[in-house]
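Student: how does the following fold in three dimensions:
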Amino acid sequence: MSETRKVPAYAVIADRLRTRILSGELRPGERLPSEADLMAQFGFSRSTIREATRILASENLVVTTRGTTGGTFVAVPDMARLSTHLENSVALMTVAETVSVEQLMDVRLLTEVHAAGTAAQRRTPEQLAGMREAIELPEASATYEANQEFHMLILNAAGNPMLELVCAPVFRVLRGRFAHGRAPEDFWTSSQVDHRRIMAAIEQGDSMTAMSEMRRHLDRLSDAYEEMDLLAGR
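Tutor: Sure thing, here's the model as predicted:
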């Protein structure tokens, strides 16, 4: 007969507070009850309460500030911090070979094809100007960063922050994997041609063409990344 493992008290408290936060009972920016109140509510010591809040802080669910107006507050979502956390997790998964480059590109296909079509309908003049600038910069034909900036602008123009949150870490992991590799001879030139076609369709408000051009571009990128992986002996 196996022995039932006892869950530590701080984990139980963290779980209950997490549930209240994620259900919206405790809202972003709202102060958690004081340590004294939590001790009275849960019947545990101050050290146990602090350990529970440390767990929540490590999950980016709460932040603690000092001073007369300080305390522990429900975290206000920060896209940059969330994106960095996801990037580290995705990078670790690729190192551990839990996820492949092909699977990362599947994520891009599922999100960016849709985003290109939506951007063609929702883009603002300012967003169009940003896309145009991204593909006209001289370094756009020679760096991952400039090329990915164009893709990020399309995601932004689609008007759904979840698309940016999902794709930004994937972009950075792919850049880290291939930035120092040898790209196929026509990689950058072809990317520029693809980008101009995508840009033209978005500018004309042609969703179907924008989606078709984005799919063709991402398929070509997948082939290039596969070739670079083979050259690197992966």
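Student: just the buried positions in the longest helix seen in the chain, please.
Tutor: Selection of the longest helix in the chain by residue count, based on DSSP state H, yields helix 207-231. Buried residues in helix 207-231, counted by 16 or more other C-beta atoms under 10 Å: 207, 209-214, 217-218, 220-222, 224-225, 228-229. Bear in mind the C-beta positions are built from the backbone N, C-alpha and C, glycine included.
Student: which helices and strands does that helix pack with?
Tutor: Helix 207-231 is packed against helix 101-122, helix 161-178, helix 187-203, with contacts defined by 3 or more C-beta pairs under 8 Å, 6 or more residues apart in numbering; DSSP states H and E.
Student: what's the angle from the longest one to helix 161-178?
Tutor: Relative orientation of helix 101-122 versus helix 161-178 (axes from the mean of the first three to the mean of the last three C-alpha atoms, to 10 degrees): 140 degrees.
Student: now for helix 101-122, which elements pack on it?
Tutor: Helix 101-122 packs on helix 79-95, helix 144-157, helix 161-178, helix 187-203, helix 207-231, going by 3+ C-beta pairs under 8 Å, 6+ apart.
Student: endpoints of stretch 134-145, how far apart?
Tutor: 10 Å (C-alpha to C-alpha, to the nearest Å).
Student: before we move on, back to that, the longest helix of the chain vs helix 187-203, what angle?
Tutor: 160 degrees.
Student: quick one: contacts for the residue nearest to Leu104 when sequence neighbours are not counted?
Tutor: Computed as C-beta to C-beta, 6 or more residues apart in numbering, the closest residue to Leu104 that is not its neighbour in sequence is Val170, at 5.2 Å. Shown in contact with Val170 (C-beta atoms under 8 Å, 6 or more residues apart in numbering): Val90, Leu104, Val107, Arg108.
Student: now these as TSV including pLDDT and neighbour count?
Tutor: As requested, those are exported to TSV (pLDDT from 0 to 100; neighbours: other C-beta atoms under 10 Å):
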residue	pLDDT	neighbour count
Val90	79	20
Leu104	89	20
Val107	93	15
Arg108	95	21
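Student: by contact count, what packs against whichever strand or helix holds Ser47?
Tutor: Secondary-structure assignment from DSSP states H and E places Ser47 in helix 46-58. Judged by 3+ C-beta pairs under 8 Å, 6+ apart, helix 46-58 is in contact with helix 9-22, helix 35-42, strand 62-65.
Student: can we see that at 6 Å?
Tutor: helix 9-22, helix 35-42 (3 or more C-beta pairs under 6 Å, 6 or more residues apart in numbering; DSSP states H and E).
Student: sorry, back to before: and the longest helix of the chain with helix 144-157, angle?
Tutor: Using the same axes, to 10 degrees: helix 207-231 against helix 144-157 is 150 degrees.
Student: columns distance to Ile49 on top of the contacts of Val170, output as JSON lines?
Tutor: Formatted as JSON lines, the contacts of Val170 follow (distance: C-beta to C-beta, whole Å):
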{"residue": "Val90", "distance to Ile49": "33"}
{"residue": "Leu104", "distance to Ile49": "41"}
{"residue": "Val107", "distance to Ile49": "39"}
{"residue": "Arg108", "distance to Ile49": "43"}
